[in-house]
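[1] the following comprises the amino acid sequence and a computationally predicted model.
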Amino acid sequence: LCINAPGSCYGSTGPVSINPETGKQWQADFPDITIRDIVTFQQLLLDKWDITGIEMVIGGSMGGMIALEFALMDPRVHSAALFAMGKSHSPWAIGISEAQRQAIQADENWKGGFYNQDNPPKKGLAAARAMAMITYRTPENYQTKFSREIHPEKNIYQVESYLRYQGEKLVQRFDANTYIILSQAMDSHDISRNRGSFKEVLGKLHKPVLIAGFTSDLLYPIEEQRELAGLIPTSHLAELDSPYGHDAFLIEFEKLNAELKSFYNFQKEN
């Protein structure tokens, strides 16, 4: 099962949905949500389907945050696999997200988050996407992928063309308020909030947990996965090499599948 998250513009209730009280889109009036809110929403759906057991929750990045909260919140979960994230959103990651939000909000069409859908803040959203795309990879990967090559038709560097293309592609399928809501939800990630210390909370998690990180990840460095593994008594840590940085969890399928198969087989044997 892959359940969509509230706040998204891909099917669940989010800023582009209609507020029943006004008959208009929620836009910037959409309430703030947390990772825990997303899990609570997904639990309601599983309840409706009468699902009584969950073999494994799996996720990377924001999905890993959701999976970790699921493992803590839901007794139906038997095990978890967490990729490329940590116990809480770091000041580094929050700062990167805030810079992206400021780029969106600086767009002349932002209008406090209540913009005409025919004229949304495309430039700001594209700029935010460009910032994000840089944090997803590594300097070495950009050197290999682009070097200092010039685009043959546009007379700009290939890397500039790439970032502009990625921004233009995102604005065709994504909503600016959604970008802000979901980035703030990720900022809320902190499994110790209103529960106790990280050591206390994670020390009580006695389910098998696979934690996988990539040594080149600049957004959620491998130290975060090492720390998380050190706090969960029943965890197994896989440190994987890849040139792709944070994006590796979306690219290195063979490496992740090998770890998942080994982790799953170990549980069955024990």
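    Structure received.

[2] from here on, just use CA atoms for contacts and neighbour counts.
    Fine.

[3] and the helices in the stretch 101-250 of the chain?
    Taking DSSP state H, counting those that start in this stretch as the criterion, the stretch 101-250 of the chain carries its helices at 122-136, 139-146, 158-171, 176-187, 198-203, 222-231, 248-251.

[4] point out the most buried one among those.
    By mean neighbour count, with neighbours taken as mean count of other C-alpha atoms under 10 Å, helix 176-187 ranks first of these at a mean of 23.

[5] tell me the angle that helix makes with helix 158-171.
    100 degrees (axes from the mean of the first three to the mean of the last three C-alpha atoms, to 10 degrees).

[6] numbering from 36 from now on, please.
    That works, and once the first residue is 36, the last one we named lands at helix 211-222.

[7] got the contact list for helix 211-222?
    Residues outside helix 211-222 that contact it (C-alpha atoms under 8 Å, 6 or more residues apart in numbering): 42-44, 49-51, 62-63, 67-70, 97, 100, 124, 128-129, 132, 136, 139, 148, 155-156, 160.

[8] out of those, which end up buried?
    Among the contacts of helix 211-222, those classed as buried by 16 or more other C-alpha atoms under 10 Å are 42-44, 49-51, 62-63, 68-70, 97, 100, 124, 128-129, 132, 136, 139, 148, 155-156, 160.

[9] quick one: residue 266 and residue 122, what's the gap?
    9 Å (C-alpha to C-alpha, to the nearest Å).

[10] so what sits against both of those two?
    Residues touching both residue 266 and residue 122 (C-alpha under 8 Å, 6+ apart) are residue 233.

[11] for residue 294, find the nearest of the helices of the stretch 136-285 of the chain.
    Minimum separation from residue 294 across the helices of the stretch 136-285 of the chain (C-alpha to C-alpha) falls at helix 283-286, 12.2 Å.
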